[in-house]
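Student: heads up, no residue letters with this:
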């Protein structure tokens with residue numbers, strides 16, 4: 001049952017990201033330059049956490065879980081940027097993809113070392 005919940009959570013969150021990326025951009029007051037990169041990092045921090053939970057159900061070695069989870073998140077971020085290139089009013093940005101990957105990396109690093117200190 002836990003595996004099903006983790007897979008479903010990951011798929012639903014990926015679907016949410018896809019849906020948000022399909023919408024026209026929402027005008028947001030910028031408090032500082034590149035503020036949108038923090039939004040990307042936060043979204044992919046969550047994705048990284050969900051990916052780790054999901055893939056840890058199928059992989060034994062913690063390092064393998066981190067590598068597979070980060071690869072998944074980075075590839076999903078790249079595919080999302082490509083998807084946005086077809087949405088009117090949106091564009092693909094390599095810096096957004098880097099922010100996505102960084103957000104997932106931060107989550108995975110934090111969770112990896114937090115788990116090590118608990119043991």
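Tutor: Nice, I can see it. Predicted, not measured: the structure shown is a model, and the values here were computed from it.

Student: which stretch of helix or strand covers the residue positioned nearest the centre of the chain?
Tutor: Closest to where the C-alpha atoms of the chain average out (Cα atoms, centre = their mean) is residue 44, at 2.6 Å. Residue 44 is part of helix 35-55 when elements are defined by DSSP states H and E.

Student: List the buried residues in that helix.
Tutor: For helix 35-55, burial by neighbour count (16 or more other Cβ atoms under 10 Å) applies to 37, 40-41, 43-55. C-beta: built from backbone N, CA, C; applies to glycine.

Student: Can you list the helices and strands that that helix packs against?
Tutor: Helix 35-55 is packed against helix 2-22, helix 62-84, helix 94-118, with contacts defined by 3 or more Cβ pairs under 8 Å, 6 or more residues apart in numbering; DSSP states H and E.

Student: re earlier: for the residue nearest to the centre of the chain, give me its contacts.
Tutor: 73, 77, 99-104, 107 (Cβ atoms under 8 Å, 6 or more residues apart in numbering).

Student: So which of those residues wins on neighbours?
Tutor: Tallying neighbours with other Cβ atoms under 10 Å puts residue 104 at the head of these, with 30 neighbours.

Student: how much space is there between it and residue 40?
Tutor: According to Cβ to Cβ, to the nearest Å, residue 104 and residue 40 sit 10 Å apart.

Student: Residue 83 now?
Tutor: Counting by Cβ to Cβ - residue 83 and residue 40 are separated by 14 Å.

Student: which intervals of the chain have sub-threshold pLDDT?
Tutor: 116-119 (pLDDT under 70).

Student: The helix holding residue 44 vs helix 94-118, what angle?
Tutor: Following axes from the mean of the first three to the mean of the last three Cα atoms, to 10 degrees, one obtains 50 degrees for the angle between helix 35-55 and helix 94-118.
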